[in-house]
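Student: following is a predicted model, sequence given first.
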Amino acid sequence: MAKKKKESSSVEHQKQRHAKRKSNSTKEKKGKKKERTKKAKKKAKQYAKLFFIIIAFSSKKKRCKNLEKRKERNCHFFFFTIR
């Protein structure tokens, strides 16, 4: 009897975790994050036009090519001026 109870509780726990992963709140957060990055990219392009800045957008997996931020591998986007 004890073994069956343990199995059922673990299955319930898995279902709860799965439900948490697929909850609407996470989808909303992802949507908001995408909106923020879109706005950031738009603003970055505007600044680039004003100040002649080269913009490089990188994913978190890729290493940043900017000399100043080479240590920070997880930077989202970065600027460097033409010299």
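Tutor: Happy to help now that I have it.

Student: what residue ranges in the protein score low on pLDDT?
Tutor: Confidence mapping of the chain against pLDDT under 70 gives the ranges 1-8, 21-27, 48, 50-83.

Student: from start to finish, how long is stretch 12-32 in a straight line?
Tutor: Terminal residues of stretch 12-32 are spaced 30 Å apart (CA to CA, to the nearest Å).

Student: longest helix in the protein, by residue count?
Tutor: Using DSSP state H, we find that the single longest helix of the chain is helix 24-51.

Student: what residues of that helix count as buried?
Tutor: Buried positions in helix 24-51, judged by neighbour count with 16 or more other CB atoms under 10 Å: residue 44. (C-beta placed from N, C-alpha, C; glycine too.)

Student: roughly how far apart are residue 36 and residue 12?
Tutor: The gap separating residue 36 from residue 12 is 36 Å, by CB to CB, to the nearest Å.

Student: perfect, I'm done here.
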